[in-house]
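Enquirer: Could you look at this predicted model? Sequence included:
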Amino acid sequence: MKNIIYKNLFIWLVIISMSAICLTSCKDDDDSDLNTPMKITAVYLEDAQSSVPDRLVEYARLGQTLRLEGSGFAGLQKIYINGRSTFFNTALLTDVNVLVSISGETPILDADPLMRNTIVLEKNGNQYTYQFEIRAAAPTITSISHTMPQAGEEITVYGTGLQGIEKVTFPGDVVVTQGIISDNTDGEFCIVTVPSGVSDDGGSLFVEGINGGAYSPACFNFKRGLFHNFDDVNNYSWSSGIDDAGTPLTDIIPATGSRPKSQGGYQCYNAAGATIAANVDMRYWTNSGDWPSALLNVIPGNTAANMAAVQMDIYVEGNWNSGLIRMVMADGSGTDRYCMLYRPWYRNGAIVPFENPDCWYTITLPFSDSDDYSGKTFADVVASMTAATYKQSGPWFHNIGIQDVFEPEATEVKVYFDNLRVVPLDTPVYDEFGDE
């Protein structure tokens, strides 16, 4: 139905255009079109995939196609958007309509302030200026530095199009509008201080800036998914390679700064800073005899494996030059089964230096990262844990390399960890027009 509507609109514009061309060709050197004043009365967004393919709008984004409605367009020679000369289809030009696509190269924040948010029409040396808001592509949120921080701590939201963020809404409809720092050059992040009163039920962050709004995945402050935090939720079973693992560490680390710190008890791989030889592992196990099935009450069993994950908060001291965290869900089927891996020094098929943030941060391990869970559901994850030979799950530090790429090296890195939890990764769809 959408495509039929759009095709009918296109045909209508072509008919009017051909009629205008015919009428123009019947004139004998009539220059009246060049002298007719231009005026834009409305701007419409053309989107065949929308339920409203020809939508009256008050702003538009880079890459979108617009229909300018008004009068005096016959003879139009140039269109400038935010000061940039922009191509338009003269074959579809009529005296009352013109189609124009906003180039992805159109300046936004770096546009001349006098030309920003303007559409300028030019013919016969005369110009007409129409005030109209131009935005970059819709923003996105790809990750959050810490998804279970404490009130008063600074977190970083990463994504695209995050220029000029003016408002962040936390779960529980707690709103922050002051003190937000945006990356106005590349739009890759914004920094915000966590307010008090954020709902423990968790949910998505919602950010709003000059490019519009965007939701994060619904994993922020999802305390309902906690299965081990060394404090009030403790399923400790046993460990190896961790001194006195049943007794949590409690010193506040880092001791200073405004970014996330430790929260009560936590544990550490290699707390003494000893040398960890190649192929050595250190294991921390939780008793998974009961808690996996209980989580089906907070994450539906039919949730796709790529839409649910294990999260944990970690703090790193020293250079992480070798080794990984192996999150084992169902023990007893071999080292490489039913587990997800985190190795920050290896990204996108390349070895890169580890950038230590010097604060606690969250790592996210989607279940689909395991070949055993790829294409399956959260119910399948729980079923594998229930059927496991040993009813235990948890994170290891395993100093192994990457076959044919990297041989493990001795390392003295310390990795602290806390707040093991299962979270949803679904992201609400932001409908900027409210009718999709």
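Expert: It's in. Numbering: from 1, shown residues only.

Enquirer: Break this protein down into its structural domains.
Expert: For the chain, automatic domain parsing gives the domain ranges 2-135, 140-215, 224-424.

Enquirer: Switch the ones you listed over to a markdown table; also include mean pLDDT and distance to residue 435.
Expert: Glycine gets a C-beta too; all of them are placed from N, C-alpha and C. What follows is the domains of the chain, written out as a markdown table (pLDDT from 0 to 100; distance: least, C-beta to C-beta, whole Å):
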| stretch | mean pLDDT | distance to residue 435 |
| --- | --- | --- |
| domain 2-135 | 82 | 7 |
| domain 140-215 | 96 | 15 |
| domain 224-424 | 95 | 26 |
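
Enquirer: Dump those to CSV, plus distance to residue 431.
Expert: Shown next, in CSV, are the domains of the chain (distance: least, C-beta to C-beta, whole Å):
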stretch, distance to residue 431
domain 2-135, 10
domain 140-215, 10
domain 224-424, 20
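
Enquirer: Show me where the stretch 251-400 of the chain has its helices.
Expert: 291-294, 378-386 (DSSP state H, counting those that start in this stretch).

Enquirer: most tightly surrounded among the ones you listed?
Expert: Ranked by mean neighbour count, the helices of the stretch 251-400 of the chain are led by helix 378-386 with a mean of 20 (mean count of other C-beta atoms under 10 Å).

Enquirer: by contact count, what packs against it?
Expert: helix 291-294 (3 or more C-beta pairs under 8 Å, 6 or more residues apart in numbering; DSSP states H and E).

Enquirer: I'd like to know which elements the helix it packs on is packed against.
Expert: Using 3+ C-beta pairs under 8 Å, 6+ apart: helix 291-294 touches helix 378-386.

Enquirer: re the thing from before, between the domains of the chain, which gets nearest to residue 430?
Expert: domain 140-215 (5.2 Å; C-beta to C-beta).

Enquirer: from what I can see residue 380 touches residue 373, true?
Expert: Yes. Using C-beta atoms under 8 Å, residue 380 is in contact with residue 373, at 6.5 Å.

Enquirer: still on that earlier bit, just send the helices of the stretch 251-400 of the chain back as TSV, with distance to residue 204 too.
Expert: Below are those laid out as TSV (distance: least, C-beta to C-beta, whole Å):
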stretch	distance to residue 204
helix 291-294	23
helix 378-386	19
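
Enquirer: Residue 127 is nearest to which of those?
Expert: helix 378-386 (59.4 Å).

Enquirer: Report the distance from the closest one to the chain centre.
Expert: 28 Å (C-alpha atoms, centre = their mean, to the nearest Å).

Enquirer: ok, now stretch 135-150?
Expert: So, by C-alpha atoms, centre = their mean, the centroid of stretch 135-150 is 5 Å from its chain's centroid.

Enquirer: Would you mind listing the buried residues in it?
Expert: 135-137, 139-141, 143-149 (16 or more other C-beta atoms under 10 Å).

Enquirer: For residue 276, give the beta-bridge partners.
Expert: Applying DSSP bridges to residue 276 gives these bridge partners: residue 411.

Enquirer: Next up, the contacts around it.
Expert: 270, 282, 323, 397, 399, 410-413 (C-beta atoms under 8 Å, 6 or more residues apart in numbering).

Enquirer: nearest to residue 311, of the residues you listed?
Expert: Among these, and counting by C-beta to C-beta, the member closest to residue 311 is residue 397, at 17.2 Å.

Enquirer: Report the beta-bridge partners for that closest one.
Expert: residue 282, residue 325.

Enquirer: Same check on the one 5 residues further on?
Expert: Residue 402 has these beta-bridge partners by DSSP bridges: residue 406.

Enquirer: tell me how far stretch 147-165 is from the chain's mean position?
Expert: Worked out by C-alpha atoms, centre = their mean, stretch 147-165 lies 11 Å from the chain centre.

Enquirer: Run through the strands of the stretch 301-436 of the chain in chain order.
Expert: With strands called from DSSP state E, counting those that start in this stretch, the stretch 301-436 of the chain shows them at 308-317, 324-328, 339-342, 346-347, 350-351, 361-366, 392-398, 414-424.

Enquirer: got JSON lines for these, with mean neighbour count too?
Expert: Putting the strands of the stretch 301-436 of the chain into JSON lines (neighbours: other C-beta atoms under 10 Å) gives the following:
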{"stretch": "strand 308-317", "mean neighbour count": "22"}
{"stretch": "strand 324-328", "mean neighbour count": "23"}
{"stretch": "strand 339-342", "mean neighbour count": "20"}
{"stretch": "strand 346-347", "mean neighbour count": "14"}
{"stretch": "strand 350-351", "mean neighbour count": "10"}
{"stretch": "strand 361-366", "mean neighbour count": "20"}
{"stretch": "strand 392-398", "mean neighbour count": "25"}
{"stretch": "strand 414-424", "mean neighbour count": "23"}
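
Enquirer: I'd like to know which of the ones you listed lies nearest to residue 71.
Expert: Closest among the strands of the stretch 301-436 of the chain, once you apply C-beta to C-beta, is strand 414-424, at 52.2 Å.

Enquirer: How far off centre is that closest one?
Expert: 20 Å.

Enquirer: Check which helices and strands it sits against.
Expert: strand 226-228, strand 267-269, strand 308-317, strand 392-398.

Enquirer: then the longest one to CSV, C-alphas only?
Expert: Coordinates of each C-alpha in strand 308-317 appear next as CSV, following Å, rounded to 0.1, in the frame of the first residue of the first chain:
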residue,chain,number,x,y,z
ALA,A,308,20.1,-11.5,26.1
ALA,A,309,23.5,-11.4,27.7
VAL,A,310,25.6,-11.8,30.8
GLN,A,311,27.0,-8.6,32.1
MET,A,312,29.6,-8.0,34.7
ASP,A,313,31.5,-5.0,36.0
ILE,A,314,35.3,-5.1,36.0
TYR,A,315,38.3,-3.0,37.1
VAL,A,316,41.7,-3.5,35.6
GLU,A,317,45.1,-2.7,37.0
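
Enquirer: the inter-axis angle of that strand versus strand 414-424?
Expert: If you take axes from the mean of the first three to the mean of the last three C-alpha atoms, to 10 degrees, strand 308-317 sits at 160 degrees to strand 414-424.

Enquirer: Next, count neighbours for the residue nearest to residue 337 when sequence neighbours are not counted.
Expert: Distances taken as C-beta to C-beta, 6 or more residues apart in numbering put residue 372 closest to residue 337, at 5.8 Å, once the chain neighbours are dropped. Per other C-beta atoms under 10 Å, the neighbour tally for residue 372 reads 19.

Enquirer: Tell me who's in contact with residue 372.
Expert: The contact partners of residue 372, by C-beta under 8 Å, 6+ apart, come to 337-338, 384.

Enquirer: Pull up the gap between the nearest residue to residue 293 once chain neighbours are set aside and residue 421, please.
Expert: Spatially, and ignoring its direct neighbours in sequence, residue 293 is nearest to residue 382 (6.0 Å; C-beta to C-beta, 6+ apart). Distance of residue 382 to residue 421, given as C-beta to C-beta, to the nearest Å: 15 Å.
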